[in-house]
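Visitor: Fold the following and give me the result.
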Amino acid sequence: MRTSTGLISTLVLGAALSLPVTAAHAAPAEASVSAAAASCHGLITHAYSLNNKAISASRAGSYKKAAKRNHATEGKIANALAACRHARHRAEIRHALDAARNDVQGAEHLNKKAYIEHDRRHGRAALNDEYDAKRRLRIAAHYS
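Guide: All right, here's what the predicted structure looks like:
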């Protein structure tokens with residue numbers, strides 16, 4: 001059973017490599033940066049998946065379900081924006097995610113109108129917005 005907290009092994013490693021203790025502690029920080037980048041990419045791909053489900057529902061004419069999927073996609077995009085604030089290409093990611101969020105918000109509004117008014121034209125316009133969001137989420141996933 002391990003009772004050490006790891007600090008002793010870090011001190012021993014630092015002494016063995018003749019590195020200062022602060023350099024030995026630098027490795028966990030880099031690991032957390034890569035974990036944050038993985039979280040960023042994972043949230044973008046989850047938003048992409050939810051958007052694909054919204055596209056599927058829109059194509060089937062299930063506008064109420066598509067509006068729910070759009071709302072969930074918008075939430076994932078908001079989470080991805082927060083997770084990607086320290087990413088390497090954060091400006092490109094942010095630009096793509098902001099544009100995708102605008103498209104998803106428009107699609108949600110149009111899907112609600114299509115459901116309430118029984119108007120397929122609004123449903124088709126929502127589907128076009130969802131395809132635009134898909135393209136922008138793919139760009140964000142490329143940069144993340």
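
Visitor: any chance you could map the strands in this structure?
Guide: Here the chain has no strands by DSSP state E.

Visitor: So, low pLDDT: which residues of it?
Guide: 1-37 (pLDDT under 70).

Visitor: Residue 40 reaches residue 84, doesn't it?
Guide: Yes: assessed by CB atoms under 8 Å, residue 40 is found in contact with residue 84 at 4.0 Å. C-beta coordinates here come from the backbone N, C-alpha and C atoms, glycine included.

Visitor: Which neighbours do these two have in common?
Guide: Shared contacts of residue 40 and residue 84 (CB atoms under 8 Å, 6 or more residues apart in numbering): 93, 144.

Visitor: List the contacts of residue 104.
Guide: By CB under 8 Å, 6+ apart, residue 104 lies in contact with 51, 54, 70, 73, 74, 77, 129, 130, 133.

Visitor: Leaving out chain neighbours, which residue sits closest to the third one?
Guide: The spatial neighbour of residue 70 that comes closest, neighbours along the chain excluded (CB to CB, 6 or more residues apart in numbering), is residue 108 at 3.7 Å.

Visitor: Count residues in the vicinity of the one you found, would you?
Guide: Counted by other CB atoms under 10 Å, the residues lying close to residue 108 total 23.

Visitor: Now do the same contact list for it.
Guide: By CB under 8 Å, 6+ apart, the neighbours of residue 108 are 67, 70, 71, 74, 126.

Visitor: Could you pull up phi and psi at residue 119?
Guide: Residue 119 adopts backbone torsions of phi -120, psi 110, taken as degrees, to the nearest 10.

Visitor: Pretty sure residue 89 sits against residue 143.
Guide: Yes: between residue 89 and residue 143 there is a contact under CB under 8 Å: 4.1 Å.

Visitor: Looking only at neighbour counts, state which of the two leads.
Guide: residue 143 (20 against 14).

Visitor: my guess is the more buried one meets residue 95, correct?
Guide: No: using CB under 8 Å, residue 143 is not in contact with residue 95; the gap is 9.3 Å.
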